[in-house]
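> can you look at this prediction? I've put the sequence above it.
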Amino acid sequence: MANTFNLDQRVAVVIGATSGLGKTLAEGLEAHGAIVIPTGRRAELPCDVSDRESVNRFRDKVLNKHGRVDILLNAAGQTLKTPVEDIPEQEWDRIFDVGLTGMLRTCQAFYPALKASGRGRIINIASLS
């Protein structure tokens, strides 16, 4: 049972790791031995999932530094405190762009590296919104 959660030296990219559940999951991966690369719009190594070029630049930096990616954890999201009946469509579109299309962008960008690792895994976490 001790080796069940052994992630020694696995490279884990955590999108949306600057706060909330993403930050907690990044800490958990690290506690089990993973080399965690946390990112978000406010991170030291920023990535904006609403911008494909930002995602690609981030991917390239990760691969240049670590040479591979074994785990991609998508936890980026936005939560609005606006009642549903008052949400403008523009805000609604932003929620979907970050939470769903952003997830697609990161999965597409990191897919070749995950496949090449021979043990690549993707974990997608949905936003409360």
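Nice, thanks for sending it over.
> surely I37 meets R10?
No: the criterion here is Cβ atoms under 8 Å, and I37 misses it with R10 at 11.3 Å. All C-beta atoms are positioned from the backbone trio N, CA, C, and that covers glycine.
> which residue is nearest the middle of this structure?
In the chain, the centroid-proximal residue (Cα atoms, centre = their mean) is I15; its distance is 2.1 Å.
> how about the strands in the protein?
11-15, 35-39, 71-74, 121-124 (DSSP state E).
> please identify the most buried of these.
Of the strands of the chain, the one with the most neighbours on average (mean count of other Cβ atoms under 10 Å) is strand 11-15, at a mean of 27.
> what is that strand packed up against?
Applying 3 or more Cβ pairs under 8 Å, 6 or more residues apart in numbering; DSSP states H and E, we find strand 11-15 packed against helix 20-31, strand 35-39, helix 52-66, strand 71-74, helix 102-117.
> and of the ones you listed, who's closest to E91?
helix 102-117 (15.2 Å; Cβ to Cβ).
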